[in-house]
Every structure is written in structure tokens, then in C-alpha cells.
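> only geometry, no sequence info:
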DNA sequence: ACATGTGAAAAAATTCACAGCA
DNA sequence: TGCTGTGAATTTTTTCACATGT
């Protein structure tokens, strides 16, 4: 029957872990669509991702009814539904602050565009990169942050500056009205409650794997 | 009174989320040490990271007793203890497969070394980069994977190849005896149970922020 | 007085299991 | 028959609250 509410059925809070899996479902479903699959069952989808059929169904149930009993889910339809839920049915303009090693790589990463994010500007404090174009993105001075964000209607930003500069960059973003930040600097930053924040620390991922390897049987 | 078991007190399984927070505690404690702080309480540490005092204490309690009633935790001592727990008190040699955009950036990222990971070799299938040196790391052909891993006693690997190649790279790594993989390719890969795997998808992080911004009040 | 470590209680997430629909 | 959606049961994680150590 597939009735798509893009908002939770009530106003139940949605656990972060559920939203995270939603992104995984989306990525997998996009593969399936590109391979020509019409439909998939919760069990088959779960198996590909290493979770249970019940979990797939429960996760989706937070947002509506998308499946067809006896059939499963129509891949293309569910892709659209999840993009609506995540808010990526339209393209988001994003700014990148920090055009060092990591910033450059992120600017060149094609995966963002594929999922509906367009990096419309890069900013840095280093005068030697300001004015250049990196991976087709023009680099402005950090002082232009406010202007650029307003001109381009930017709501999301990424931070890829050295750790000591991250907090002040975040502060500037907040003043410029940013609504969400992905922080790649290896430091905890604090921002007001009304701004969303995710920290991604590449070294931490390696630490997690090291732990898992050393304590192979103690982790779940 | 600071009795450091590097293994869980019993054989209780340790939740993944706990280990993840351990890495955050470590990073924060390293900052504190470099700022000259001697001790910190569970409450103060939790506040910096956005979690409760009880959570900090419970997390650490999985591994032993590290605190001093009335005092808190000695920062330097706890840094050492957590590194022991995570298994990063010694340097891990790591290989990187894929020397494209993202691979290059990761090779140049200084944060790995700081946390005890040394990238000892990079590998790629593209003959035009094989034999070059990127960020002081020599690039070998992917066919050398087995030899390099054995020569350098490598147990951990990172994947930064295009999505379609990721699974076969993982398979090769498994055959070469890898024990843990961090996969930066935006695709689900499957590996035998005895190998640990973490997937990091940069676009997914942006999706999570987009969702949080759109549904500001439904997430927890 | 201050702050840990930890059982007990509460809350949250996952899994089970089954009614109901195609 | 095959598979969804969902209450109920179970398991896991977090929070509470306090006895204990300094």
C-alpha cells in the first residue's frame, strides 16, 4: 500500500542509529536499482547489510508504510522515499572550510554530488590558496564566509582545518547562520543547541579496528 | 585505586559504543595533558564531550579501576591506560590500497601517526602511480599486497579505491591475512567473520546532518 | 567535602512471533 | 506461500543513587 509519510508516524523521536541505517539502506537500494532489481525483501536487504529482517522493517516503520506484503519493497520507490526522509531529494549547497590536504581531497570526492550535495565554495585563511580554483571550486578568504553563505543560501558546512582552528571556524559559521556542521578536525567543538553537529575523526576509526583486532572476542 | 586491567573485568562483551567513546576520552585527555592538566573528574570530562559523568565512569569500569575518589582521574595515567586498552600503545603498521584523490589525502593526514598508526606502504593497480612516492610513502602494485603485508608484518589495512573495486581488494587482503579493514569506498563489502571491518562513508555523514537539520526535533 | 565504582531502576533498542494481506 | 507491519517479550544501554574511599 506504500503510504509515505516523510515525518515519523507520531512524533516519536527517531534514534540516530536508525537514521544511520537509513543511509545504508539507501546506498544499497541505489545499487540494486542500477543493477535492474525491481523489488527486494526486508530479509534480503538486511542480509546484504548485516542486520535482521525485523530491523529493516522496524526502521522503515518509523516513517510510514513502504512495503508490499508478499512482494517486499519496490527499490526505486523506496529510494525516493528515503531521500525524502533524509531531505536529500533536492540538492544542498555546502561550503568547505579548510583547503589543506584533507579539504582538497574532499573537494574532489565525487560521492557528495551523487548523494545530493554540491560544494559551492571553499574557504581558507591562507592567502596563497585564496583566489585559486581547486577541483572546480573557487577558494575564497575565510572572511567571506558570511557573504558566501548568504549569497548561496548555504545551510550546511564542512570543517577540514587544523585542530587548533576548528572551534573559531565553527563559531564563525554559527554567526553566519549555519544549521549543520560536519567536523573533520580531530577535536571536540561546541556549538549552540540549534545547530547540528557530527564529528568524523579518521584516526578514531583506525583505533576502533585496532581494538576489535586485539580483543576479537570481547566486542559485540 | 587505579588498577589497570587491559581486558574487561569479566568477559562481559564490551558494546561498540563504549569503545567509540573511549577514543573520544583519549583524544580529550591528550589535549588536557598538553594543556598541563593533572587530573579531571568524570563530570568535567563528560561535559566536554557531551555525555554524563555516570557514563564516563561506567565506560571505564568495563576495563578496570582508574580513578581516585575525591580526586578524579590522573590525565596522563588514563591516557596510557586507554592506549593499552585500545591496543595503540605500540605503533601499528598499516597499508593503504588506492592512491586516488582520497587515498592521497589519507596518506598525508598527520593524525594517524599521532594516534600510533604508521602507513608503511600504499598500493594501486594504476601503473602510472606505481613506483612513485606520495607523501613519503612508496606506491607498489596491488599484486605486491601479499609480499608487502608479510614483509612489514601488517595486520590493518585501509581501502580507498573506487566502489566497484572495493570487494575484490578486500578479498585479496583477506587472502593475505589481514585482520582489520577500514573501508572508505562507498559500498558494502563482506568479509569472513574473523576479520574486523568498519565502513566510513563521507557522503553518509552529510546525509545524517541533512536529516538532523530538516527534522530538528525528531532526532534524539 | 568531593568524586569514584557499582548494584538497582529506568529507558531504549532489538528480536520475536504472528495476524493479515497479496 | 511469501512477506509486511506491529504489539509483546527480550536484551542492551543508560541513568540513578548511594556506600565507600581520600
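Perfect, thanks for sending it. Here the structure is a predicted model, which means the values were calculated and not measured.

> now do the lengthiest helix in chain A: everything it contacts.
Within chain A, and with DSSP state H defining each element, the longest helix by residue count is helix A:16-34. The list of residues contacting helix A:16-34 from outside it, by CB atoms under 8 Å, 6 or more residues apart in numbering or on different chains, reads A:40, A:45, A:48-49, A:51, A:55-56, A:59-60, A:62, A:75-76, A:78-79, A:82-83, A:85-86, B:186-188, B:201, B:204, B:207-208, B:211-212, B:219-220. Placement of C-beta: from N, CA and C, glycine included.

> what ranges does chain A have for its strands?
Secondary structure of chain A (DSSP state E): strands at A:3-4, A:39-40, A:64-65, A:73-74, A:92-97, A:117-124, A:133-134, A:137-141, A:156-159, A:180-183, A:196-199.

> lowest average pLDDT across those?
Lowest mean pLDDT within these: strand A:3-4, a mean of 42.

> and the strands of chain A as JSON lines, adding distance to residue B:28?
Converted to JSON lines, the strands of chain A look like this (distance: least, CB to CB, whole Å):
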{"stretch": "strand A:3-4", "distance to residue B:28": "42"}
{"stretch": "strand A:39-40", "distance to residue B:28": "42"}
{"stretch": "strand A:64-65", "distance to residue B:28": "40"}
{"stretch": "strand A:73-74", "distance to residue B:28": "42"}
{"stretch": "strand A:92-97", "distance to residue B:28": "23"}
{"stretch": "strand A:117-124", "distance to residue B:28": "27"}
{"stretch": "strand A:133-134", "distance to residue B:28": "32"}
{"stretch": "strand A:137-141", "distance to residue B:28": "31"}
{"stretch": "strand A:156-159", "distance to residue B:28": "18"}
{"stretch": "strand A:180-183", "distance to residue B:28": "14"}
{"stretch": "strand A:196-199", "distance to residue B:28": "12"}
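
> so which of these is the most surrounded?
Comparing the strands of chain A by mean neighbour count (mean count of other CB atoms under 10 Å in any protein chain shown), strand A:156-159 ranks first with a mean of 26.

> what are the pairing partners of that one, and which direction each?
Sheet pairing of strand A:156-159 (DSSP bridges) gives strand A:92-97 (parallel), strand A:180-183 (parallel).

> would you list the phi and psi of the residue of chain A most remote from its centre?
Distance from the C-alpha centroid of chain A peaks at residue A:70, with 32.7 Å (CA atoms, centre = their mean). Main-chain torsions, residue A:70, degrees, to the nearest 10: phi 90, psi -20.

> can you list the residues of chain A near DNA strand D?
Residues of chain A lying close to DNA strand D (CB under 7 Å from any atom of the strand) are A:1-2, A:41-43, A:53-54, A:57-58, A:60-61, A:65-73, A:220.

> what about those, which are in helices?
Among those, the ones falling in helices (DSSP H) are A:42-43, A:53-54, A:57-58, A:60-61.

> nearest to residue B:170 among the residues you listed?
Nearest to residue B:170 among these: residue A:43, at 23.7 Å, using CB to CB.

> buried subset of the contacts of helix A:16-34?
For the contacts of helix A:16-34, a neighbour count by 16 or more other CB atoms under 10 Å in any protein chain shown gives the buried set as A:40, A:45, A:48-49, A:51, A:55-56, A:59-60, A:62, A:75, A:78-79, A:82-83, A:85-86, B:186-188, B:201, B:204, B:207-208, B:211-212, B:219.

> for DNA strand C, tell me which of those residues show up nearby.
Among the buried ones among the contacts of helix A:16-34, proximity to DNA strand C is found for A:51, A:55 (CB under 7 Å from any atom of the strand).

> what's stretch A:107-116 in contact with?
Stretch A:107-116 is contacted from outside by A:83, A:88-92, A:94, A:96, A:99, A:106, A:118-119, A:122, A:134-135, A:137, B:101-102, B:186, B:201-204, B:206-207, B:210, using CB under 8 Å, 6+ apart.

> now it: buried residues?
Neighbour-count burial for stretch A:107-116 flags A:107-109, A:111-112, A:115-116 (criterion: 16+ other CB under 10 Å).

> sort out for me which of these are in helices.
Counting by DSSP H, the part of those found in helices is A:107-108, A:111-112.

> quick one: mean pLDDT for the longest helix of chain A?
The model assigns helix A:16-34 a mean pLDDT of 98.

> now do it against helix A:53-61, angle only.
100 degrees (axes from the mean of the first three to the mean of the last three CA atoms, to 10 degrees).

> where does pLDDT dip in chain A?
The model of chain A has pLDDT under 70 over residues A:1-11, A:217-220.

> now it against chain B: closest residue?
Going by CB to the nearest CB, chain B is nearest to residue A:105 of chain A, at 2.9 Å.

> now that residue: closest residue in space that isn't a chain neighbour?
Residue nearest to residue A:105 in three dimensions, not counting chain neighbours: residue B:105, with 2.9 Å by CB to CB, 6 or more residues apart in numbering or on different chains.

> what is the neighbour count of the one you found?
Look at residue B:105: counted by other CB atoms under 10 Å in any protein chain shown, it has 23 neighbours.

> do residue A:154 as well
Neighbourhood size, residue A:154 [other CB under 10 Å]: 23.

> wait, it touches residue A:181, no?
No: counting by CB atoms under 8 Å, residue A:154 stays clear of residue A:181, with 11.4 Å between them.
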